[in-house]
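In: predicted coordinates and the sequence they were generated for:
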Amino acid sequence: MSAEFTPTDWLDREDQTLAPYAMRTRQSKGRKHPEPTHPFRTLYQRDRDRIVHSTAFRRLMHKTQVLVNQPGDYHRTRLTHTLEVTQIARTIARALGLNEDLTEAVALLHDLGHPPFGHAGEAALDECMRDFGGYEHNRHGLRLVELLEYRYPDFPGLNLSWEVLQAQAMHSKRPDAPEVKGYLQVGQPLLEAQIVDAVDSLAYDCHDVDDALSVGLITPEQLAETPFWNRAVERVRAEHRSIQADQLQPTVIRKLIDWQVVDLLETMHRNLLLAKIRTVEDVRRCQELLVAPSAEVKSLKAGLEAFLHANVYRHWRVMRMACKGQQILRQMFAEFCQHPQTLPTRYQRRAESGVLQQTVCDYLAGMTDRFAQDEYLRLFQPTSLA
Ligand code: MG
């Protein structure tokens, strides 16, 4: 603890510098297990630090975004996607005087609960867990930070602040789930959480196009059928008449991101004025979400997403890896449920005191892509006895 710094300094600074509709620590519902206030880190800075230091966060490095084990290894993973979302969301939060620390914590957390093999892995685990509450990455993210991380002597999980947990719970597709319900009684998400949601989708649309081009799943000629891409190319060519082929792709991607960020900021700014939003309570009570793209960008974005669904997410190379990943998870789920004695000791102990299927699901969901592939071989390959 420091004698030079006192929490009042940063609490006052939040009050002096943040916009009136920004979330402040003084308004927070706090943590489930009360802790002393830190002398120089804000409530949400501390949440951010706990997330970054968690085991689950480090594993994002080797979890699939869309592409598993493609040649080159320069495409996005869950970790780099998370960092892109965080960086863009902070830019927007800062421009509007919102709580940047809270935005950062929510963004760093948003994909923590993803299993190996992306959405294909999620669907496989959901099916395995059909009779035991199902599986969804948003709820699993909550489970990780409320229960499964075991780094602190005084409480399970990371003991994050209520607002960060709530932002995570609000992403859930199953609002009736018991672990989510308690967070949904307060109206709309905070602006900081709404920003992360909008930026998540903006970021993956852009980087999925970038990655798919880079690994050759699609060509620029195919993309020419989407108006969003075409108009971004036109804008780039108008600004850089003699641009070289090597710089065109990254420059167009940058243009697509910048276009959407500016649009989001301007639309949000207009929405705040129109709805006369002055406080956090106004945000909570508002009928509509306040962070959304303009009608024009929404429609251009929908066109790009339709293209991605048809040409990237269902590309045979992506599908092949997705199916293989699902089989790996399904077979390991069945094997561990049938022979729990083959689980690592810590999970065996948990299985004995809880629901076996949930424990197996937690073990599988925590795996990185490559650990799942190796573990599969260790379990089923006759020559592997490890
Ligand atoms: Mg995401």
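Out: Cool, got the structure. Numbering: from 1, shown residues only.

In: wait, isn't V66 in contact with V209?
Out: No: if you go by CB atoms under 8 Å, V66 and V209 don't touch, sitting 10.7 Å apart. Glycine gets a C-beta too; all of them are placed from N, C-alpha and C.

In: and for these two, which residues touch both?
Out: V312 (CB atoms under 8 Å, 6 or more residues apart in numbering).

In: the nearest residue in space to I88 that is not next to it in sequence and H207: what is the separation?
Out: Excluding the flanking residues, the one nearest I88 by CB to CB, 6 or more residues apart in numbering is V199, at 4.8 Å. Going from V199 to H207 by CB to CB, to the nearest Å gives 12 Å.

In: ditto for P7
Out: 38 Å.

In: who has more neighbours, those two?
Out: Shown here are P7 and H207; by other CB atoms under 10 Å, H207 has more neighbours (22 against 16).

In: for the stretch 51-200 of the chain, which residues are neighbours of the ion?
Out: Selection of the stretch 51-200 of the chain residues close to the ion by CB under 5 Å from the ion yields 111, 200.

In: ok, and what's touching stretch 185-194?
Out: Residues outside stretch 185-194 that contact it (CB under 8 Å, 6+ apart) are 21-23, 93, 96, 98-99, 102-103, 106, 163, 166-167, 170, 197, 268, 280, 283-286, 289-291.

In: now with 7 Å?
Out: Stretch 185-194 is contacted by residues 21, 23, 93, 98-99, 102-103, 106, 163, 167, 170, 280, 283-286, 289-291 when judged by CB atoms under 7 Å, 6 or more residues apart in numbering.

In: now, of those residues, which are buried?
Out: 21, 23, 93, 98-99, 102-103, 106, 163, 167, 170, 280, 283, 286, 290-291 (16 or more other CB atoms under 10 Å).

In: lowest-confidence entry in those?
Out: The member of the buried ones among the contacts of stretch 185-194 with the lowest pLDDT is M170, and it reads 91.

In: for the one helix or strand T267 maps to, buried residues please.
Out: T267 is part of helix 245-274, with elements assigned from DSSP states H and E. By neighbour count on 16+ other CB under 10 Å, the buried set for helix 245-274 is 249, 251-253, 255-257, 259-261, 263-265, 267-268, 271-272.

In: list the helices and strands the least confident helix or strand in the chain by mean pLDDT packs on?
Out: None of the helices or strands of the chain scores lower by mean pLDDT, DSSP states H and E than helix 178-181, at a mean of 89. Other helices and strands packing on helix 178-181, by 3 or more CB pairs under 7 Å, 6 or more residues apart in numbering; DSSP states H and E, are helix 137-143.

In: and the helix it packs on, what's its mean pLDDT?
Out: Rounded mean pLDDT across helix 137-143 is 96.

In: now swap in stretch 311-326 and tell me
Out: Here the average pLDDT along stretch 311-326 is 92.

In: what does it rub up against?
Out: By CB under 7 Å, 6+ apart, the list of residues contacting stretch 311-326 reads 66-68, 116-117, 120-121, 123-124, 208, 212, 217-218, 222.

In: L308: which of those residues is nearest?
Out: D208 (5.6 Å; CB to CB).

In: model confidence score at that closest one, please.
Out: At D208 the predicted local confidence, pLDDT, stands at 92.

In: can you read off the pLDDT for H62?
Out: 86.

In: can you tell me the element the residue of the stretch 201-350 of the chain at minimum distance from the ion falls in?
Out: Going by CB to the ion, the ion is nearest to Y204 of the stretch 201-350 of the chain, at 6.1 Å. Per DSSP H and E, Y204 falls inside helix 191-214.
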